[in-house]
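1. build me a model:
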Amino acid sequence: MLSFTLTAFVELMDHGIVSWDTFSVAFIKKIASYVNKFAADVAILQRSLAILESMVLNSHDLYHKVAQEITIGQLIPHLQGADQEIQTYTTAVINALFLKAPDDKRQEMANILAQKQLRSIILTHVIRAQRAINNEMAHQLYVLQVLTFNLLEDRMMTKMDPQDQAQRDIIFELRRIAFDAELEPNNSGGNVEKRKSMYTRDYKKLGFIILQIQVTLPWIALIIRGTILVV
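-> Numbers count the residues shown, from 1 in each chain. The predicted structure is shown next:
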């Protein structure tokens, strides 16, 4: 009976007749309690996860209330189960919480996901499970990946300090590790064109944008996002 009731509720709310903001904290706590019961009926758990996701996505106020009732630690066990639909709905709730979290809370949430080894759990119980990943699960995994990568955008767009030798060494070491090649001696002036072509190719493969290359024997200066690297 509860499963049918929750199903009817989801269908009703999908029509947009009633605002999500009308629901009380007591109602949220009740729905959250169905998610927190790990041995709950699969149908009840699925509908409850769907309701929580919609609450978070459709109401700013409800996001804060749901975030107080549901933690990542309480959602993780549902990803470790064998039901892919439950895994999909669970990932959707995580994505919704991630998406609606204030900017200063997203990194904190990402740290919690790392501590809970979410990546390893998804790899083991979803990607490497003995079944094909359905389209909705693939979409939710893609959204989670994008949300995680977006946290690195500011760092990615930060220019390197050309006067910081430690940063320069990291860039050069990255290239060496990636391509397993030792830097040629700096005094190999006769191979400037060859080195110029090699460095351009390698740094582009690493994802850098090469804006300009200046050749001043015996050095090669790569201007990467406004940063000059003398190699």
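
2. going forward, measure contacts between C-alpha atoms and count neighbours the same way
-> OK.

3. need the strands for this protein, in chain order.
-> 210-216, 219-224, 227-230 (DSSP state E).

4. report the contact partners of the residue positioned nearest the centre of the chain.
-> Nearest to the geometric centre of the chain sits Thr148, at 2.0 Å (C-alpha atoms, centre = their mean). Contacts for Thr148 (C-alpha atoms under 8 Å, 6 or more residues apart in numbering) come out as Ala110.

5. state the pLDDT value of it.
-> Per-residue confidence at Thr148 stands at 89 (pLDDT).

6. now it: how far from Ala82?
-> Distance of Thr148 to Ala82, given as C-alpha to C-alpha, to the nearest Å: 25 Å.

7. which parts of this protein are helices?
-> Counting by DSSP state H, the segments of the chain that form helices are 2-14, 25-36, 42-58, 60-69, 72-79, 84-100, 103-115, 118-122, 135-150, 153-156, 165-179, 192-205.

8. report the angle between the fifth one and helix 42-58.
-> Taking axes from the mean of the first three to the mean of the last three C-alpha atoms, to 10 degrees, helix 72-79 and helix 42-58 form an angle of 130 degrees between their directions.

9. what about the protein, any weak spots by pLDDT?
-> 38-40, 180-192, 210-231 (pLDDT under 70).

10. before we move on, the earlier item: how about the helices of the chain, which one is nearest Arg128?
-> Taking C-alpha to C-alpha, helix 118-122 is the member of these nearest to Arg128, at 8.3 Å.

11. mind listing what's buried in that closest one?
-> For helix 118-122, burial by neighbour count (16 or more other C-alpha atoms under 10 Å) applies to Leu118, Ile121, Ile122.

12. got the contact list for the first one?
-> Put plainly, it is Leu118. Ile76.

13. gap between it and Glu136?
-> When Leu118 is compared with Glu136 (using C-alpha to C-alpha), they lie 18 Å apart.

14. ok so, going back, just the buried residues of helix 118-122 now: which is nearest Leu174?
-> Leu118 (26.8 Å).

15. need the helices of the chain in JSON lines (columns: distance to Arg128).
-> Formatted as JSON lines, the helices of the chain follow (distance: least, C-alpha to C-alpha, whole Å):
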{"stretch": "helix 2-14", "distance to Arg128": "30"}
{"stretch": "helix 25-36", "distance to Arg128": "25"}
{"stretch": "helix 42-58", "distance to Arg128": "22"}
{"stretch": "helix 60-69", "distance to Arg128": "30"}
{"stretch": "helix 72-79", "distance to Arg128": "13"}
{"stretch": "helix 84-100", "distance to Arg128": "12"}
{"stretch": "helix 103-115", "distance to Arg128": "19"}
{"stretch": "helix 118-122", "distance to Arg128": "8"}
{"stretch": "helix 135-150", "distance to Arg128": "13"}
{"stretch": "helix 153-156", "distance to Arg128": "29"}
{"stretch": "helix 165-179", "distance to Arg128": "27"}
{"stretch": "helix 192-205", "distance to Arg128": "29"}
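
16. can you redo the buried residues of helix 118-122 as JSON lines with distance to Trp20?
-> Converted to JSON lines, these look like this (distance: C-alpha to C-alpha, whole Å):
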{"residue": "Leu118", "distance to Trp20": "30"}
{"residue": "Ile121", "distance to Trp20": "32"}
{"residue": "Ile122", "distance to Trp20": "31"}
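
17. quick one: buried residues of stretch 122-139?
-> In stretch 122-139, counting by 16+ other C-alpha under 10 Å, buried: Ile122, His125, Val126, Ile127, Met137.
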